[in-house]
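Trainee: Here is a sequence with its predicted model. Questions after.
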Amino acid sequence: MAEQWDKHDMSFLDGRRLRRPRRTAWSRAMVRETVLTSADLIWPLFVIEGQNEKTQIRTMPGVERLSVDLCVQAAKAARDAGIPALALFPNTPDHLRSESAEEAYNPDNLMCRALSAIKDAVPEIGLIADVALDEYSANGQDGLVRDGEILNDETIAVMVRSALVQTRAGADIIAPSDMMDGRVAALRAALDQEGFEQTQIMAYAAKYASYFYGPFREAVGSGNRLVGDKRTYQMDYANSDEAMREIEQDLAEGADSVMVKPGLPYLDIVRRAKSEFNVPIYAYQVSGEYAMIEMAAAAGAIDRKGAILESLYAFKRAGANGVLSYFALEVARDLGA
């Protein structure tokens, strides 16, 4: 007969009962290691032409493209909820898209009008302007294309012109999301030369060629026109050391902060970046991540609000200073409640 275990003989624990602080909600709150606040959230907005116009995004339930006037209203709501900054992405009308993407540096383009309107109405909220050509190009690529080749330096020249009109329109942070070599140095030099020394650069330093971008491309109207793929400039998702080299280079060129994109599949990159560089690190909870949570919740597979919070805490726990998330307004309001 097996020796009976004496459940009262727990001397081997030596008084260590790690469950003790987890017994009650108030105690769990006292020992919580990671804190999430509305100040940790950046809200991405998709901008369209029109007045009082909003359109649904088929693959992003609950997210809408907004005309400039409605973006202003959204900015006021974000400010009131304690969100510090917005990230803007325009859906440029088809007739303004071209192979040379010249609409990117039109000072009266959709992005610039949105930046100006929001800055005039809500000057206390930060505005992050995406700088890439996929929102203006006819082929959906982030760079200029010649004979199937993505042109690096020629693309940067257009991006510099785009960043300058965006900054003049009210952008506080320029966010190059293209992954061209040397673009941070070129942007920093151009901004400084034009007297915009205080304009920040948030570099998409570790942006991977991901399958999680599909809904975003639909939202900005680039997905159905994309010719080829983006693997010659966005990173191979098998690589980690390469991301550290990309981040190191962007910081050396003058980036004030860096971004890892996508988010949850790349928490290891967030953690490594924070440990190795200890600079402001942001993560983008991208459209595919958003869609998976929404669709799984709609199917009854997960608890929606619980999954949202758990995912955002994961970013903070990994070391991110902030998160770009389409859940930002909802979560900020809940956190303030």
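Mentor: That came through fine. Numbers count the residues shown, from 1 in each chain.
Trainee: for this protein, what are the low-confidence residue spans?
Mentor: Applying pLDDT under 70 to the predicted model, the residue ranges of the chain that meet it are 1-15, 337.
Trainee: Show me which positions of the longest helix seen in it end up buried.
Mentor: As assigned by DSSP state H, the longest helix anywhere in the chain is helix 152-169. Within helix 152-169, the residues scored as buried using 16 or more other Cβ atoms under 10 Å are 152, 155-156, 158-167, 169. (C-beta placed from N, C-alpha, C; glycine too.)
Trainee: which residues sit against it?
Mentor: Around helix 152-169, the neighbours that count as contacts under Cβ atoms under 8 Å, 6 or more residues apart in numbering are 100-102, 104-107, 109, 111-113, 115-116, 119, 129, 131-133, 142-144, 146, 171, 174, 176, 178, 180-183, 186-187, 190-191, 194, 196, 199, 233.
Trainee: distance between that helix and the chain's centre?
Mentor: Computed by Cα atoms, centre = their mean, to the nearest Å, the separation of helix 152-169 from the middle of its chain amounts to 20 Å.
Trainee: Check stretch 234-253 too.
Mentor: Its chain's C-alpha centre and that of stretch 234-253 lie 17 Å apart, by Cα atoms, centre = their mean.
Trainee: Show residues contacting that stretch.
Mentor: Residues lying outside stretch 234-253 but in contact with it, judged by Cβ under 8 Å, 6+ apart, are 179, 182, 184-185, 188, 203, 205-210, 258, 260, 265, 268-269, 272-273, 276-277, 279.
Trainee: what secondary structure does the closest residue to residue 212 other than its chain neighbours sit in?
Mentor: If the residues on either side of it in the chain are set aside, residue 212 comes closest to residue 288, at 3.1 Å by Cβ to Cβ, 6 or more residues apart in numbering. For residue 288, the secondary structure call by DSSP: H, G, I helix; E, B strand; the rest coil comes out as helix.
Trainee: looking at it, residue 288 is touching residue 262, isn't it?
Mentor: Yes. Between residue 288 and residue 262 a contact is recorded at 7.1 Å, counting by Cβ atoms under 8 Å.
Trainee: hey, what's in contact with both of those two?
Mentor: A shared contact of residue 288 and residue 262, defined by Cβ under 8 Å, 6+ apart, is any residue touching both; here these are 210, 212, 213.
Trainee: what's around the last one, how many residues?
Mentor: Counted with other Cβ atoms under 10 Å, the burial measure for residue 213 works out to 21 neighbours.
Trainee: Closest to the centroid, which residue in the protein?
Mentor: residue 284 (3.4 Å; Cα atoms, centre = their mean).
Trainee: Bridged to that one, which residues?
Mentor: Beta bridges link residue 284 to residue 324 when assigned by DSSP bridges.
Trainee: That one and residue 175, how far apart?
Mentor: Taken as Cβ to Cβ, to the nearest Å, the spacing of residue 284 relative to residue 175 amounts to 10 Å.
Trainee: A strand includes residue 207, no?
Mentor: Yes. Per three-state DSSP, residue 207 lies within a strand segment.
Trainee: Now for residue 296: which residues touch it?
Mentor: Contact partners of residue 296, counting by Cβ under 8 Å, 6+ apart, are 302, 307.
Trainee: Number the chain from 15, please
Mentor: Understood, numbering begins at 15; the last thing we discussed is residue 310.
Trainee: mind listing the strands for the stretch 15-164 of the chain?
Mentor: Ranges of strands in the stretch 15-164 of the chain, per DSSP state E, counting those that start in this stretch, are 55-62, 68-70, 78-81, 99-104, 140-145, 158-160, 163-165.
Trainee: wait, which of those strands is closest to residue 345?
Mentor: For the strands of the stretch 15-164 of the chain, distance to residue 345 was read as Cβ to Cβ. The smallest value, 6.3 Å, belongs to strand 55-62.
Trainee: Tell me the strands beside the closest one, with direction?
Mentor: When sheet partners are counted by DSSP bridges, strand 55-62 sits next to strand 78-81 (parallel), strand 99-104 (parallel), strand 336-338 (parallel).
Trainee: Hmm, residue 273 and the residue nearest to the centre of the chain touching each other?
Mentor: Yes. Applying Cβ under 8 Å as the test, residue 298 and residue 273 come out as touching, 6.1 Å apart.
Trainee: which residues are common contacts for the two?
Mentor: Listed contacts common to residue 298 and residue 273 are residue 338; contacts here mean Cβ under 8 Å, 6+ apart.
Trainee: Of the contacts of helix 166-183, grab the buried ones for ChimeraX.
Mentor: This is how ChimeraX selects the buried members of those, with burial counted by 16+ other Cβ under 10 Å:
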select :115,116,118,119,120,123,125,126,127,129,130,133,143,145,146,147,156,157,158,185,188,190,192,194,197,200,201,204,205,210,213,247
